[in-house]
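Q: Generate coordinates for the sequence data below:
(chains A, B and C)
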Amino acid sequence: MHTTMDIKDIIKPENKVYSKTPVLLDNVMHYCPGCSHGTAHKLVAEVIEEMGIQENTIGVSPVGCSVFAYNYVDIDWQQAAHGRAPALATATKRLYPDKYVFTYQGDGDLASIGTAEIMHACNRGENIVVIFINNAIYGMTGGQMAPTTLMGMKTATSPYGRREDLHGKPLRITDLISQLEGTCYVTRQSVQNAAGARKTKRAIRKGFENSAKKKGTSFIEIVSSCNSGWKMSPVKANEWMVENMFPSYPLGDLKDI
Amino acid sequence: MKEEIIIAGFGGQGVLSMGKILAYSGIMQGQEVTWMPSYGPEMRGGTANVTVILSDKKISSPILSNFDTAIILNQQSMDKFESQVKPGGLLIYDPNGITRHPQRKDINIYSIEAVDLSAELGSSKTYNMVVLGAYLSKKQIVEMESVIKGLKKSIPERHHKLIPMNEKAIEVGKEKIIEINKV
Amino acid sequence: MAEYILMKGNEAIAISAIRNGCDGYFGYPITPQSEVMETLMLEEPWDSTGMVVLQAESETSSINMLYGGASCGKKVMTSSSSPGISLMAEGLSYLAGAELPCLVVNVVRGGPGLGTIQPGQGDYFQACKGCGHGDYKMIVLAPNSAQEMYDFVDLGFELAFKYRNPALILTDGVIGQMMEKVELREMKPRWTDQEVIEMSPWATTGKTPDRKQNVITSLALDAAVHEALNHRLIEKYKKMEEEDVRFENYKCEDAEHLIVAYGSMARVCENTIDLARKEGIKLGLLRPITLFPYPTKEIQRMVPQLKTIMSVELSAGQMVEDVRLAVNGKIPVNFYGRLGGIVPSPEEVLEAFKKEINK
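A: Residues are numbered from 1 along each chain as shown, chains lettered A, B, ... in the order given. This next block holds a predicted model:
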């Protein structure tokens, strides 16, 4: 006999197949549908819950779309000036060496205005985790060109496509970071499907575990989509990312020691 | 009591450390002191000078245009500071390398052959202490006991074995000072 | 018995930081203040008090390290000189906007640009009128001796935490490079983790179940929320003006003329006052110790007894504007300044003063 569950039955604990981690707050996210930030936030929150480190974790949010990360992940946060998150994290970790400290930064923030801060924090081997969202564009300011913007890609400040003679070639900053002796773990992941999200979560967890072992800086790039900035549907943006972003930013570990 | 001194010469002659020892000697006997160097690119091999003030009372300006005493150790400093000694004041100089000797008649002038004397002592590093000795023979503003305490305070402990030699250099300076002009 | 040490003003800053429970120093070398970090590195306070000392990659980075450290409720500081403070302008605005306490030392050199490494007071506007963007103020202390360099580290932290606002020590190469005797005050230990939480319950010390998350930010996109923040800041600055104005008078009781000067220039002008008094001129000196909040009321109190006021600065005329605001046109306000790193002698200042009053 066929039975239907109504809403009251569905939300009963015994019937639940999934619940949101309590480390994620109930606030409705401001991210565009299809944006990778929401998934990345959830993975960070889940790792914090699973490791039981909510009381001991301090996050540093950037300038960019994820400036409001503190509205979604229920930990103590510092909101940094554009590009400076690694400097805040450096001091925080040194003053509280037993706490977990991570930065969450986009490509405009980390790979452009904040190159000095990220390079030197990684070179000093600060025992922090860096989560680097690379969607090849400035999302929040309205879709301008980033250092990671692909050749030929149209943005608000490269309306006819990125040109080498005008803008140089895309900056593969994660490759540079992997050369720095202070880093212990440098990886490039993506969250465009469930398998990718699972791998990314494992990478984030490994980063936090490295912090506890004081192994140096863990750097996790998440190649992401920005369907609004790219002016595509979420589905199309995901496909475009696989076709165009992954060849330039190939997934996998660059360093794991 | 208030004594305003300029010590001027080349970098490397121990101008700044001589001033520092003098200042520390003052502290050791409860005086107020200031030690104000010229700083900057001049520090590197060029001319170096320091203004030291010792006083029984609180010192206001550490920067002065006239001095009770000028200790002059090269020609550039002679050109600059001879005129800034107060009438009746004291000028002590090392004639080594001086091409135009001081000409004023209204101040007390003495010379000290500190290059030769420190060489005789066996260490050019005692140069500034020979000069300090010469100065102290004319102005007993600090006790010898305070100078030794000051030396101990201003040089690192690992060099304290050199204190007797410095003490000797001060004595040599006191003895060998030569009067040039007296008012 | 008190212990006196002969030290440079810059060294006094470093020693005082260690002895006053400072948790972290983050800096970048620049003349004429490099002795601050050099002294700290020599002292290795991480082994004695647990204080963190770090040479950052730039002044931009050091000020943002302060932002991170201050967010944690820790006593953090940096020191630099003029061009370095310009680079810190961004961070200082964020620190003020996020209401974070910290201590910054500016050993001012001559400018603009790379300028000269000789002393100057040309950063008065930068320090007192908010050197970064937005409506904010810093508490500005102007020491005039090595002892005050030592003492104002402690005072700076006290005021910074009282108001949750950056405090700045504005000084120059004269005070930084000059050696004087300094009394080492009693040691103050660093705050324990528990004391940090009690002192700064707003700090990012880790979200415990008994409280909501702490978020340090200067961002408020809602206009009403942001206006409220600005009003809160204004209230704070008003309170500073009511409670924490500091100044010193020298021979002002019967003064008919007044010199206003701060820091190294005030030391020189004390001699000027003595010289003038010898000539029978009734000249007094007002030395503002806090440049913000400014001793406006003290100037106003004195105006009825005065014929003229002269501001003497190592600048093209910056503090003189605050003097004029205080005087509000009631008596003539004159100015004398030297530039390029030249510090005028007491006699030169007296000549300039006489020239003005005899005009």
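Q: which residues in the chain form strands?
A: In the absence of a named chain, chain A is used. Along chain A, counting by DSSP state E, strands occupy A:57-61, A:76-79, A:100-106, A:129-134, A:137-138, A:144-145, A:183-190, A:217-223, A:252-256.
Q: hm, I was asking about chain B
A: Under DSSP E, chain B gives strands at B:2-10, B:32-37, B:47-55, B:67-72, B:85-93, B:108-111, B:178-181.
Q: What's the local residue count around the residue in chain A positioned nearest to chain C?
A: Per Cβ to the nearest Cβ, A:Leu88 is where chain A lies closest to chain C, at 3.1 Å. To be clear about C-beta, it is placed using only N, CA and C from the backbone, and glycine gets the same treatment. Using other Cβ atoms under 10 Å in any protein chain shown, A:Leu88 has 35 neighbouring residues.
Q: Mind pulling up the pLDDT for it?
A: A:Leu88 is assigned 98 on the pLDDT scale.
Q: which element is the residue nearest to it when sequence neighbours are not counted on?
A: Excluding its sequence neighbours, the residue lying closest to A:Leu88 (Cβ to Cβ, 6 or more residues apart in numbering or on different chains) is C:Gly68, at 3.1 Å. Assessed by DSSP states H and E, C:Gly68 sits inside helix C:59-71.
Q: what angle sits between that helix and strand A:100-106?
A: 130 degrees (axes from the mean of the first three to the mean of the last three Cα atoms, to 10 degrees).
Q: so what are the domain limits for chain C?
A: C:4-194, C:247-357 (automatic domain parsing).
Q: what comes into contact with the worst-scoring helix or strand of chain B on mean pLDDT?
A: Ranked by mean pLDDT, DSSP states H and E, the weakest helix or strand in chain B is helix B:144-154, scoring a mean of 91. Identification of contacts with helix B:144-154 by Cβ atoms under 8 Å, 6 or more residues apart in numbering or on different chains yields B:17, B:20-29, B:132, B:136, B:142, B:160, B:163, B:166-167, B:170, C:6.
Q: Write a ChimeraX command that selects only the buried members of these.
A: To isolate the buried subset of those in ChimeraX, counting by 16 or more other Cβ atoms under 10 Å in any protein chain shown, use the following:
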select /B:17,20,21,22,23,24,25,26,27,28,132,136,142,166,167,170 /C:6
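Q: What about chain A: which of the contacts of helix B:144-154 touch it?
A: Among the contacts of helix B:144-154, proximity to chain A is found for none (Cβ under 8 Å from any Cβ of the partner chain).
Q: what about the helices in the chain?
A: Went with chain A since none was named. A:7-10, A:37-51, A:85-95, A:107-108, A:115-124, A:164-167, A:173-178, A:194-212, A:227-230, A:234-240, A:246-248 (DSSP state H).
Q: Wait, chain C was what I had in mind.
A: Ranges of helices in chain C, per DSSP H, are C:9-19, C:35-43, C:45-48, C:59-71, C:82-97, C:124-128, C:146-163, C:173-177, C:193-199, C:223-243, C:263-278, C:296-302, C:319-327, C:346-357.
Q: As TSV, these with distance to B:Gln84 would be great.
A: What follows is these, written out as TSV (distance: least, Cβ to Cβ, whole Å):
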stretch	distance to B:Gln84
helix C:9-19	25
helix C:35-43	28
helix C:45-48	42
helix C:59-71	39
helix C:82-97	30
helix C:124-128	31
helix C:146-163	25
helix C:173-177	18
helix C:193-199	53
helix C:223-243	44
helix C:263-278	15
helix C:296-302	35
helix C:319-327	30
helix C:346-357	12
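Q: Tell me where the model's unsure across the chain.
A: Using chain A. A:1-3 (pLDDT under 70).
Q: was after chain C, sorry
A: Using pLDDT under 70, chain C drops low at C:1.
Q: So which bits of chain B are right by chain C?
A: B:20, B:23-24, B:27, B:32-37, B:39-41, B:60-65, B:153-154.
Q: Kindly recompute the last result at 10 Å.
A: Residues of chain B lying close to chain C (Cβ under 10 Å from any Cβ of the partner chain) are B:16, B:19-21, B:23-28, B:30-41, B:43, B:50-53, B:58-66, B:150, B:153-154.
Q: hey, which of the helices of chain A is tucked in deepest?
A: helix A:85-95 (a mean of 29; mean count of other Cβ atoms under 10 Å in any protein chain shown).
Q: what separates it from the chain centre, distance-wise?
A: Relative to its chain's centre, helix A:85-95 lies at 18 Å (Cα atoms, centre = their mean, to the nearest Å).
Q: Stretch B:22-31 now?
A: Stretch B:22-31 sits 15 Å away from the centroid of its parent chain (Cα atoms, centre = their mean).
Q: if we can go back for a sec, could I get the strands of chain A as a markdown table with distance to chain C?
A: Listed next are the strands of chain A as a markdown table, based on distance: least, Cβ to the nearest Cβ, whole Å:
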| stretch | distance to chain C |
| --- | --- |
| strand A:57-61 | 5 |
| strand A:76-79 | 4 |
| strand A:100-106 | 9 |
| strand A:129-134 | 14 |
| strand A:137-138 | 17 |
| strand A:144-145 | 20 |
| strand A:183-190 | 16 |
| strand A:217-223 | 15 |
| strand A:252-256 | 22 |
